[in-house]
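Q: Next input, structure requested:
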Amino acid sequence: QVQLVESGGGLVQPGGSLRLSCAAYGSGFANYVIGWFRQAPGKEREGVSCISPSDGNTSYTDSVKGRFTISRDSGKNTVYLQMNSLKPEDTAVYYCAATVFFPDNWGSANEYDYWGQGTQVTVSS
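A: Model prediction:
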């Protein structure tokens, strides 16, 4: 079992940057697929990015490609989401999630077993 804690959210102007962190507590972190999701008010939870544990392969939803970068530091049991060129439509609560087996659909929240509490990202002038 793993516990996930997100941090790094906040208020940023359009075009700005934030780096979110997902710290994992528990055994076997290196074996977990980690995904980042976001949920805006009145909308469904959306898969943003994920990273596999073994080869570090990454995936991104189309709307963030070229702007967001996911990475992991196994020594610190932490996964990061670097977000650049932020837009107002990126405003949401951002969650990280974990699962042992690489999902058939990485962007589906149902595929993940463990979730953090979320961190708010607000992009506004």
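Q: Next, count neighbours for Thr122.
A: Residues contacting Thr122 under the criterion other CB atoms under 10 Å number 15. C-betas here are computed from N, CA, C, even on glycine.
Q: element containing it?
A: Secondary structure assignment for Thr122, by DSSP states H and E: strand 119-123.
Q: who touches that strand?
A: Contacts of strand 119-123 with the rest of the structure, by CB atoms under 8 Å, 6 or more residues apart in numbering, involve 6-14, 16, 18, 20, 38, 83, 86-94.
Q: list the buried ones in it?
A: Neighbour-count burial for strand 119-123, counted by 16 or more other CB atoms under 10 Å, picks out 119, 121, 123.
Q: okay, the nearest residue to the first one once chain neighbours are set aside: pLDDT?
A: It refers to Thr119. For Thr119, ignoring the flanking residues on the chain, the nearest one in space by CB to CB, 6 or more residues apart in numbering is Gly9 at 3.4 Å. Gly9 is assigned a pLDDT of 97 by the prediction.
Q: What backbone torsions are found at the nearest residue to Asn31 once chain neighbours are set aside?
A: The shortest distance from Asn31 to any residue that is not its chain neighbour, by CB to CB, 6+ apart, is 5.4 Å, and that residue is Pro53. Summarising the backbone geometry of Pro53 under the convention degrees, to the nearest 10, its torsions are phi -80, psi -30.
Q: Give me the distance between Pro53 and Val33.
A: 6 Å (CB to CB, to the nearest Å).
Q: ok, now which ones touch the most centrally placed residue in the chain?
A: Centroid-nearest residue in the chain: Trp36, 2.1 Å away (criterion: CA atoms, centre = their mean). Trp36 sits next to 20, 22, 47-50, 70, 79, 81, 94-97 when contact means CB under 8 Å, 6+ apart.
Q: Show me what stretch 51-62 is in contact with.
A: 30-34, 46-50, 68, 70-72, 79, 102, 106-107.
Q: before we move on, what about stretch 69-81?
A: Under the criterion CB under 8 Å, 6+ apart, residues 19-25, 29-30, 34, 36, 48-51, 53, 56, 58, 60, 68, 82, 84, 94, 96 lie in contact with stretch 69-81.
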